[in-house]
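**Student:** Have a look at this prediction, sequence included:
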Number of protein chains: 2
Amino acid sequence: MIAVTILGNNSAVPSHNRHPTAQVLQSAEHVMLIDCGEGTQMQMGLYKIKKSRINHIFISHLHGDHYFGLIGLLNSLALNNRLNDLHIYAPEKLKAIIEIQMDVAGAGFPFQLYFHKLENEEVLFEDKKLSVECFKVNHRIECWGFLFREKKNKRKIVPRQIKKYKVPTSFYENLHSGEDFINGKNEVIKNEELTTAVEPPKSYAYCADTAFYEPITEKIKDVDLVYHESTYLHDLEKKAVERFHSTSKQAATIAKKAGAKKLLLGHFSSMYETLEEFKTEACEIFENTEIAEEGVCYLA
Amino acid sequence: MIAVTILGNNSAVPSHNRHPTAQVLQSAEHVMLIDCGEGTQMQMGLYKIKKSRINHIFISHLHGDHYFGLIGLLNSLALNNRLNDLHIYAPEKLKAIIEIQMDVAGAGFPFQLYFHKLENEEVLFEDKKLSVECFKVNHRIECWGFLFREKKNKRKIVPRQIKKYKVPTSFYENLHSGEDFINGKNEVIKNEELTTAVEPPKSYAYCADTAFYEPITEKIKDVDLVYHESTYLHDLEKKAVERFHSTSKQAATIAKKAGAKKLLLGHFSSMYETLEEFKTEACEIFENTEIAEEGVCYLA
């Protein structure tokens, strides 16, 4: 299961008690941060997310509303004496921005900070349970989307049944993969009798900030949950084009063309005090749409 | 009158719903910001302080809890299309930190930003109503205190009385300065009959972050209101010395020796959930002490 908690859903400047972009993704034992606008560490405090548990941070691009909170977060982790490794994936120049600010403070990190610069569309992280890829989106400056995919979980062995049918240890891996068991008497014992299914793997795509950009749909094909920026309502499509942002309907079109199961809209312009209209407009094209509300956890 | 609104009273990391250091000073037509920890622009929103009105920003030193919110504030001013000049007074390296972050965003300021590096104890700003000086404090890295002094206001002429006693226009300046008027008949008309007193000029000293450092008392002699950091309670004096911070009682001692009228304590360590004890301890040495509470406006 992938759970995404929204810490900030506003664009550019904080307003209407909405904050700049940040999201926390949880899957298996991982707690990952996607973008980190100013005040992200305070939002984590508010929504009871332990910052010490974050092990990977993905920064889409270097507009301030997506990373101004990072140095404060890192500083706090250092002052709280974090020791575990931390990985940051971001456009290359962020490294110098972190370094100059640690340097003037005469400070360092008590933990190992691995900085991975984004340069190609590739797998950034992979373990037995999850992979993270980056893909290009289309903004005014270099900007990346991220695709989180859980791996297929092995079927779970039922010990009581294993004992009953005397399955040897050597065959366990085959059971995990879903094979039936044939015993010494050539009787076929169905896999379903020996194992239980586990939750199917989920996927989450983060697409911000970006103009309407169809190549994204190929990258995030059939994703369970897609977050797509929706800075403006559709009457401001022209402004969206000029600013390399998207409208409600453009976000919905991407979700539809990608065959996504669910769409989450965010990065709303400060010109909008209320957000219901974004959902109404998007639903005309893609029904399963939700507004990304701060503090709410959405499941892929 | 000088009014100081506290936006953040915590040290190092945000905690217990307390924020890193920032204060807004208002005097005559000026709105000045002293330090700018992460989230300062959000705190301004919360406490209804218009960020567009700020014309001077003073940054004491380059530990993150005193400036990480500055780039976000500047960015928002730029996006809100501020046009008025803005002056920043800070240690020299802050300039490069601002520049690199504007540069990666491909952004600039629509207003003129004047960066004044702090290097000597001197008057940083002066107009007809207010002067601001900086002075050295004693912290782990280069760190400055700031002294805000209002100028003596001229006495206010009472038009009705001026007319009655036929005071010529050429004598108005003398009246402003408090002189009596002698008319053609050699009668002395007391200044008090012709003018009214105005509020006496006030002064405010900001002393953070600093170890207990007696030379400060000479710089801020007889100040109306002094803010002095008080990171720890007095039982942790040893830790305060090591970290170049102060305790409640040390702050009170500085206020007492300086002959200040009132003391404001702030920059509390996150180890303290409640703050009453700081006041209790300080009051043993200097009675007129208050805890700097966020959102509260203190008058010099």
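**Tutor:** Received, thanks.

**Student:** Give me the domain ranges for chain A.
**Tutor:** Split into domains by automatic domain parsing, chain A comes to A:2-153+A:199-299, A:156-196.

**Student:** right, so those: which one is the most enclosed?
**Tutor:** Per residue and on average, the most neighbours among the domains of chain A fall to domain A:2-153+A:199-299, with a mean of 20 (mean count of other CB atoms under 10 Å in any protein chain shown). The way it works is simple: take the backbone N, C-alpha and C, and place the C-beta from them, glycine included.

**Student:** chain center to that domain: distance?
**Tutor:** 6 Å (CA atoms, centre = their mean, to the nearest Å).

**Student:** So which bits of the stretch 101-250 of chain A are right by chain B?
**Tutor:** The stretch 101-250 of chain A has residues A:Gln101, A:Val104, A:Ala105, A:Gly106, A:Arg140, A:Ile141 near chain B, with proximity defined as CB under 8 Å from any CB of the partner chain.

**Student:** Quick one: residues contacting the third one.
**Tutor:** Just to be clear, that refers to A:Ala105. A:Asn75, B:Leu62, B:His63, B:Gly64, B:Ile141 (CB atoms under 8 Å, 6 or more residues apart in numbering or on different chains).

**Student:** One more pass at 7 Å, please.
**Tutor:** Shown in contact with A:Ala105 (CB atoms under 7 Å, 6 or more residues apart in numbering or on different chains): B:Leu62, B:His63, B:Gly64, B:Ile141.

**Student:** so what's the residue in the stretch 101-250 of chain A that chain B sits nearest to closest to, chain neighbours aside?
**Tutor:** Closest residue of the stretch 101-250 of chain A to chain B, CB to the nearest CB: A:Val104 (4.2 Å). Closest residue to A:Val104 apart from its sequence neighbours, by CB to CB, 6 or more residues apart in numbering or on different chains: B:Leu62 at 4.2 Å.

**Student:** I figured that neighbour hits B:Leu94, correct?
**Tutor:** Yes - between B:Leu62 and B:Leu94 there is a contact under CB atoms under 7 Å: 6.2 Å.

**Student:** Can you show me the helices along chain A?
**Tutor:** A:40-46, A:70-79, A:94-104, A:159-164, A:172-176, A:191-194, A:215-219, A:237-243, A:248-258, A:276-283 (DSSP state H).

**Student:** ok, and does stretch A:24-36 reach over to chain B?
**Tutor:** No - applying CB under 7 Å from any CB of the partner chain, one finds stretch A:24-36 separated from chain B by no less than 11.1 Å.

**Student:** Dump the contacts of A:Ala105 into TSV; add pLDDT as well.
**Tutor:** Formatted as TSV, the contacts of A:Ala105 follow (pLDDT from 0 to 100):
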residue	pLDDT
B:Leu62	98
B:His63	97
B:Gly64	97
B:Ile141	97
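
**Student:** picking up where we left off before, turn the domains of chain A into TSV, including distance to B:Gly178.
**Tutor:** Formatted as TSV, the domains of chain A follow (distance: least, CB to CB, whole Å):
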stretch	distance to B:Gly178
domain A:2-153+A:199-299	49
domain A:156-196	92
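
**Student:** Of the ones you listed, give the one that comes closest to B:Ile189.
**Tutor:** For the domains of chain A, the distance to B:Ile189 is smallest for domain A:2-153+A:199-299, at 57.7 Å, taking CB to CB.

**Student:** Quick one: residues contacting the closest residue to chain B within the stretch 201-300 of chain A.
**Tutor:** Residue of the stretch 201-300 of chain A nearest chain B, by CB to the nearest CB: A:Ser270 (8.8 Å). By CB under 7 Å, 6+ apart, the residues touching A:Ser270 are A:Asn10, A:Ser11, A:Ala12, A:Val13, A:Ser15, A:His16.

**Student:** now, among those, which is nearest to chain B?
**Tutor:** Nearest to chain B among the contacts of A:Ser270 is A:Val13, at 4.2 Å by CB to the nearest CB.

**Student:** How about the contacts made by that closest one?
**Tutor:** Shown here is A:Val13, whose contacts under the criterion CB under 7 Å, 6+ apart are A:Ser270, B:Ser76, B:Leu79, B:Asn80.

**Student:** Against the centre of chain A, work out the most remote residue.
**Tutor:** In chain A, counting by CA atoms, centre = their mean, A:Lys185 sits farthest out from the average C-alpha position, at 49.7 Å.

**Student:** For that one, give me the pLDDT.
**Tutor:** pLDDT, A:Lys185: 93.

**Student:** ditto for A:Val296
**Tutor:** Predicted confidence (pLDDT) for A:Val296: 98.

**Student:** Okay, and the beta partners of the residue lying closest to it once chain neighbours are set aside?
**Tutor:** Counting by CB to CB, 6+ apart, A:Ile6 is the residue found nearest to A:Val296 once chain neighbours are left out, at 5.9 Å. Following DSSP bridges, A:Ile6 is listed with bridge partners A:Gln23.

**Student:** Check whether A:Ile6 really touches A:Glu293, as I assumed.
**Tutor:** Yes - counting by CB under 7 Å, A:Ile6 does reach A:Glu293; the two are 6.3 Å apart.

**Student:** Verify the contact between A:Thr210 and A:Tyr227 for me.
**Tutor:** No - using CB under 7 Å as the test, A:Thr210 is too far from A:Tyr227 to be in contact (11.1 Å).

**Student:** what is in contact with these two at once?
**Tutor:** With CB under 7 Å, 6+ apart as the test, A:Thr210 and A:Tyr227 reach no residue in common.
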